[in-house]
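K.L.:
Sequence first, predicted model second:
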Amino acid sequence: MRYIYSRAIIAICLLALVSAQTWAQKSAEVASPDGNIKVTVKTDEKGFVTYGVKVEGADFLIDSPLGLTANNGDFRSNMTITSSETKAVKKEFKQTRIKHSEVKYDANEMIVHTENAEKVPFDIQFAVTNTDVAFRYIMPKSGETGSTRIFHEATGFRFPKETTTFLCPQSDPMVGWKRTKPSYEEEYVADAPLNAHSKFNHGFTFPCLFHLPNDGWALVSETGVDSKYCASHLSNNINGVFMVEFPMPGENNGNGTVEPAFALPGATPWRTISLGKSLKPIVESTITWALVDPVYETENEYKMGKGTWSWILWQDESINYDDQVKYIDLAAAMKFQYVLVDNWWDTNIGRDKIAELVKYAQSKGVDVFLWYSSSGYWNDIVQGPINCMDRAIVRKKEMKWMKSLGVKGIKVDFFGGDKQETIRLYEDILSDADDNGLMVIFHGCTIPRGWERMYPNYVGSEAVLASENMIFGQNNCDQEGFRTTLYPFVRNVIGSMEYGGCFLNKRMHKSNNSGNYRKTSDVFQLSSCILFQNAIQNFAIAPNNLEDAPKECLEFLTNVPTEWDETRLIEGYPGKYIVMARRHGDKWYVAVTNGEMTDREVSINIDEIFGKDAKVEMLSDAKDGGVLKSQVKAKKGLLKLKVGGEKAIVLMN
Ligand code: CA
């Protein structure tokens, strides 16, 4: 009897111990340096880890899930927070090719140490600045296990119910032109309800913009994605939560796994949430670059600038020697640095004549970018050159040849999706290109994720419904106002955007009297050169514009910088209008761009931008279709402007 009694006591004690551990609701908290943003991490009774974010006391993210499952353990449930530590981190560095030339990072970083049911350690690292929350998982090495394969992430984002969204659906894989999708070329839907379903049922691509009740804004994206992980996107809204999703199995023609893997110790990419009570901190955020480091150093000096490209307006037929000479001459006349020779040059011009063309360009002070397909075995692309970029042996030989000619860069098109092996291909191309002094532009591709900082020869990526679509369909011309005033709030916030814009033809055709109609004004086109950031801009102007475009437009394009020291959002609403200022040296350029069809009035304090008594010039659309250049006179620095529908005003000092 006594014996049975003591066994029962022991059993009860054991039970109490186990439940005390299981039901431990430990939590950890970190705030931004100014105290306005608070992040709370906690575990529930089943050991699920969640995080919440408040801005000035208001809920931005609520009980959002964290964790993952991998082949070395389940780190999603039965987790215990063992300890946490917080430290202040400050750094500053110079960064070319993005919206600010100096990145200042001032954050409180917290590491939450957890372990799973098998006592395998798993860390969650948070970085909280005054405008951003970011987090990633760090997996220490535990025992003999030297690597991990991630099956599934439980990472999610739960916004308040009344939140509305600005999201871009993920495409089906292996559809579209020559089965090249997904390539981040779907249409954003503005002001949609939180539970709106993705058009193709594959969730949404980064960056994802959320408009919260009480007028908060949040932009979700990721950074630091290199060859050691896949690129991710967000799921549909599942019971109020958007989950991080891996690529679709069908991407890359079904080749390659969707489950990323890395060596231990290792870490996942950072997931970033830029947030605030207005759009300003989001548009101006540099969190994408602050959290990553250069992957390699370079010995080369890369020169950014502007270029012409015949393909955008004159299309495939223009990839011949004589037409390329015309576009080199156009670049020289405009004082641009580059010409981009697009697809089919290998057969329609040929390698010997390309060598001659590069020499001709150099004689005019113009350098050459050459187009390549990323491959031949994950889509149906026949435009050459194909099969030169996907295999190191061929790629290195090709790049050596380009270097011997003095080619300065490549545009690589039509990638296979977001799987880890495709991200590895991006990185390998960049690395080999740098060995040969080549800059790299990606098209038909994924968005960059910190790549301007990570890869010194990376210039920009398309990954947007770009200017080419205005050639392909009138509906894209009709949507130009909406898209131009939307992208500075979403796609272009997180990385360089190779849009290829600024048409000065009225019609989207070589002849300028057939093809789709451009609805937006000339100054609207000029304003897009300020709004869209890419350190090399290939503009869509054509040789005839030297004669038929307003001379103010040509003068503007010759002078407008493509590298910026500072970027400021003055005001705006995604898809409706934007007032954005960018600075290069001591010169400010302000775009006041109206994406809607009705007039809009704005008041701008120009003293705050240009300084008091600065001489400010204004470009505006004249009634007769020309461009007016005038001197700005404002009372007490407050400038009232009326901007017509699908028109713009540009201010500069
Ligand atoms: Ca494209």
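P.N.:
Received, thanks.

K.L.:
mind pulling up the phi and psi values for the closest residue to residue 597 other than its chain neighbours?
P.N.:
Distances taken as C-beta to C-beta, 6 or more residues apart in numbering place residue 645 nearest to residue 597, at 4.0 Å, with adjacent residues excluded. The way it works is simple: take the backbone N, C-alpha and C, and place the C-beta from them, glycine included. Comment: the main-chain dihedrals of residue 645 come out as phi -60, psi 130, following degrees, to the nearest 10.

K.L.:
what about residue 645, how many neighbours?
P.N.:
Applying other C-beta atoms under 10 Å, we find 16 residues neighbouring residue 645.

K.L.:
and the gap between it and residue 206?
P.N.:
When C-beta to C-beta, to the nearest Å is applied, the distance between residue 645 and residue 206 equals 31 Å.

K.L.:
again, but for residue 511
P.N.:
Taken as C-beta to C-beta, the spacing of residue 511 relative to residue 206 amounts to 39 Å.

K.L.:
Just want to know which of those two has more residues nearby.
P.N.:
A side-by-side neighbour count of residue 511 and residue 206, using other C-beta under 10 Å, places residue 206 first with 29 against 10.

K.L.:
Doesn't the more buried one belong to a strand?
P.N.:
Yes - counting by DSSP: H, G, I helix; E, B strand; the rest coil, one finds residue 206 located in a strand.

K.L.:
Identify the residue nearest it in space, chain neighbours excluded?
P.N.:
Closest residue to residue 206 apart from its sequence neighbours, by C-beta to C-beta, 6+ apart: residue 221 at 4.3 Å.

K.L.:
So that neighbour is in contact with residue 210, correct?
P.N.:
No - with contact defined as C-beta atoms under 8 Å, residue 221 does not reach residue 210; the gap is 11.7 Å.

K.L.:
of these two, who's got more company?
P.N.:
residue 221 (28 against 23).

K.L.:
Just the element for the more buried one, please.
P.N.:
With elements taken from DSSP states H and E, the one containing residue 221 is strand 217-223.

K.L.:
Let me see the contact set for the residue nearest to residue 597.
P.N.:
Contacts here follow C-beta atoms under 8 Å, 6 or more residues apart in numbering; on that basis residue 645 touches 481, 594, 596, 597, 598, 599.

K.L.:
Check the burial of the third one by counting its neighbours.
P.N.:
If I follow you right, that is residue 596. By the other C-beta under 10 Å criterion, the neighbourhood of residue 596 contains 16 residues.

K.L.:
Could you number the chain from 25 rather than 1 from now on?
P.N.:
In the new count, where the first residue is 25, that last one comes out as residue 620.

K.L.:
what about it, which SS state?
P.N.:
Classified using three-state DSSP, residue 620 is coil.

K.L.:
show me the contacts for the closest residue to it other than its chain neighbours.
P.N.:
Spatially, and ignoring its direct neighbours in sequence, residue 620 is nearest to residue 600 (5.5 Å; C-beta to C-beta, 6+ apart). Taking C-beta under 8 Å, 6+ apart as the definition of contact, the neighbours of residue 600 are 509, 619, 620.

K.L.:
of those residues, closest to residue 390?
P.N.:
Nearest to residue 390 among those is residue 509, at 32.5 Å by C-beta to C-beta.

K.L.:
what's the closest non-adjacent residue to that closest one?
P.N.:
If the residues on either side of it in the chain are set aside, residue 509 comes closest to residue 619, at 3.3 Å by C-beta to C-beta, 6+ apart.

K.L.:
State the distance from the one you found to residue 513.
P.N.:
Noted for residue 619: a distance of 11 Å to residue 513, by C-beta to C-beta.

K.L.:
Over to residue 208?
P.N.:
Between residue 208 and residue 513 the computed distance is 16 Å (C-beta to C-beta).

K.L.:
among the contacts of residue 669, who's most crowded?
P.N.:
residue 618 (30 neighbours).

K.L.:
Once you drop chain neighbours, what's closest to it?
P.N.:
Distances taken as C-beta to C-beta, 6+ apart put residue 667 closest to residue 618, at 4.2 Å, once the chain neighbours are dropped.

K.L.:
Equivalent analysis for residue 304, please.
P.N.:
Leaving aside its sequence neighbours, residue 304 sits nearest to residue 593 (C-beta to C-beta, 6+ apart; 4.8 Å).

K.L.:
Got phi/psi on the one you found?
P.N.:
On the backbone of residue 593 - angles per degrees, to the nearest 10 - the values are phi -90, psi 120.

K.L.:
Enumerate the beta-bridge partners assigned to it.
P.N.:
Counting by DSSP bridges, residue 593 is bridged to residue 604.

K.L.:
Contact partners for it?
P.N.:
For residue 593, the contact set (C-beta under 8 Å, 6+ apart) comprises 303, 304, 307, 308, 512, 602, 603, 604.

K.L.:
just curious, which of the residues you listed is nearest to residue 82?
P.N.:
Sorting the contacts of residue 593 by distance to residue 82 puts residue 303 at the head of the list, at 16.1 Å, by C-beta to C-beta.

K.L.:
pLDDT at that closest one, what is it?
P.N.:
Model confidence at residue 303, expressed as pLDDT, equals 98.

K.L.:
now residue 41
P.N.:
In the predicted model, residue 41 carries a pLDDT score of 40.

K.L.:
Then the one 4 residues further on?
P.N.:
pLDDT, residue 45: 38.

K.L.:
repeat for residue 648
P.N.:
The predicted local confidence for residue 648 comes out at a pLDDT of 86.

K.L.:
quick revisit: where do the contact lists of residue 619 and residue 513 overlap?
P.N.:
Shared contacts of residue 619 and residue 513, defined by C-beta under 8 Å, 6+ apart, comprise residue 602.

K.L.:
show me the contacts for residue 234.
P.N.:
183, 187, 188, 189, 190, 241, 242, 243, 244.

K.L.:
change it to 7 Å
P.N.:
Residue 234 makes contact with 183, 187, 189, 241, 242 under the criterion C-beta atoms under 7 Å, 6 or more residues apart in numbering.

K.L.:
part of a strand, is it?
P.N.:
Yes - applying three-state DSSP, one finds residue 234 inside a strand.

K.L.:
can you count the residues close to the residue nearest to it when sequence neighbours are not counted?
P.N.:
By the measure of C-beta to C-beta, 6+ apart, the closest residue to residue 234 outside its immediate chain neighbours is residue 242, 4.6 Å from it. When neighbours are defined as other C-beta under 10 Å, residue 242 has 23 of them.

K.L.:
what pairs with residue 242 across the strands?
P.N.:
On the basis of DSSP bridges, residue 242 is bridged to residue 234, residue 299.

K.L.:
what's the distance between it and residue 411?
P.N.:
Here residue 242 is placed at a distance of 43 Å from residue 411 (C-beta to C-beta).

K.L.:
Check residue 343 too.
P.N.:
From residue 343 over to residue 411 the distance is 18 Å, taken as C-beta to C-beta.

K.L.:
the more surrounded of the two?
P.N.:
Neighbour count, other C-beta under 10 Å: between residue 343 and residue 411, residue 343 has more, with 23 against 17.

K.L.:
pretty sure the more buried one is in contact with residue 368, am I right?
P.N.:
Yes - in terms of C-beta atoms under 7 Å, residue 343 counts as a neighbour of residue 368; the distance is 4.5 Å.

K.L.:
Was I right to think residue 381 contacts residue 346?
P.N.:
No - with contact defined as C-beta under 7 Å, residue 381 and residue 346 do not form a contacting pair (10.3 Å).

K.L.:
Compare the two (neighbour count), which wins?
P.N.:
The residue with more neighbours, out of residue 381 and residue 346, is residue 381; 22 against 8, by other C-beta under 10 Å.
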